[in-house]
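Undergrad: no sequence on hand, only this structure:
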DNA sequence: TGCGGGATTATCT
DNA sequence: GATAATCCCGCAA
């Protein structure tokens, strides 16, 4: 009986989270979503989790640095799909990076997750990143966090809101920082002047200061 | 602590 | 055929 009540409570909580997250992603400018995602928690159902401390917005047709800038291709199709899906892409011949999709279906906008502060499942993260020397570097960088969290080709297109793909983003009550730092995006050659990277000021897990 | 170069392949021109 | 939303290691200081 008690367990049933607990379960019901948990489900209400989870569904509230989903409502919050749906509102976070749906019909919203990726530059707003990028700030909103700071201090939220990326969760793998296997127990690994980390707090999002650095993000970048990619703004579709009017952003020359976005994969979606030239329109839809097989690779970037998920970016044009429903908000709340995860767009995962392969780059530099060996790395995976992940982006929650936001905005309106068809817009092609998303937010690159660039760094996490590891919270739980550190042993699994270390095992997934044998080359990593320091826990500080486990999730400090977009490809590092994917490797640590177990995100790759198979996770392209999973739904973060339902959590059916094994991953979700959770609001555990911590608000985004009052004064997020806006900075230039990393590793791009076009639209470099846009300050569409944001991070938590002073956080040691941010990839570049 | 910080820099420079090599790794390695899907994707698009 | 060139490029890429990067990482890691070695070396210098």
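TA: Nice, thanks for sending it over. Note that this is a predicted model, so its numbers are computed, not measured.
Undergrad: number of nearby residues for the residue of chain A found nearest DNA strand C?
TA: Residue nearest to DNA strand C within chain A: residue A:187 (1.5 Å; Cβ to the nearest atom of the strand). No exception for glycine: its C-beta is placed from N, CA and C like everyone else's. Using other Cβ atoms under 10 Å, residue A:187 has 14 other residues around it.
Undergrad: which SS state does it fall under?
TA: With DSSP: H, G, I helix; E, B strand; the rest coil as the basis, residue A:187 sits in coil.
Undergrad: with residue A:23 instead?
TA: Secondary structure state of residue A:23, per three-state DSSP, is helix.
Undergrad: contacting residues around residue A:81?
TA: Counting by Cβ atoms under 8 Å, 6 or more residues apart in numbering, residue A:81 makes contact with A:101, A:105, A:157.
Undergrad: would you mind measuring from it to residue A:171?
TA: For residue A:81, the distance to residue A:171 (Cβ to Cβ, to the nearest Å) stands at 23 Å.
Undergrad: and the strand ranked longest in chain A, what does it pack onto?
TA: The residue-count maximum for a strand in chain A (DSSP state E) belongs to strand A:109-120. Secondary-structure packing of strand A:109-120 (3 or more Cβ pairs under 8 Å, 6 or more residues apart in numbering; DSSP states H and E): helix A:30-36, strand A:41-44, strand A:49-58, strand A:95-102, helix A:142-149, strand A:197-199.
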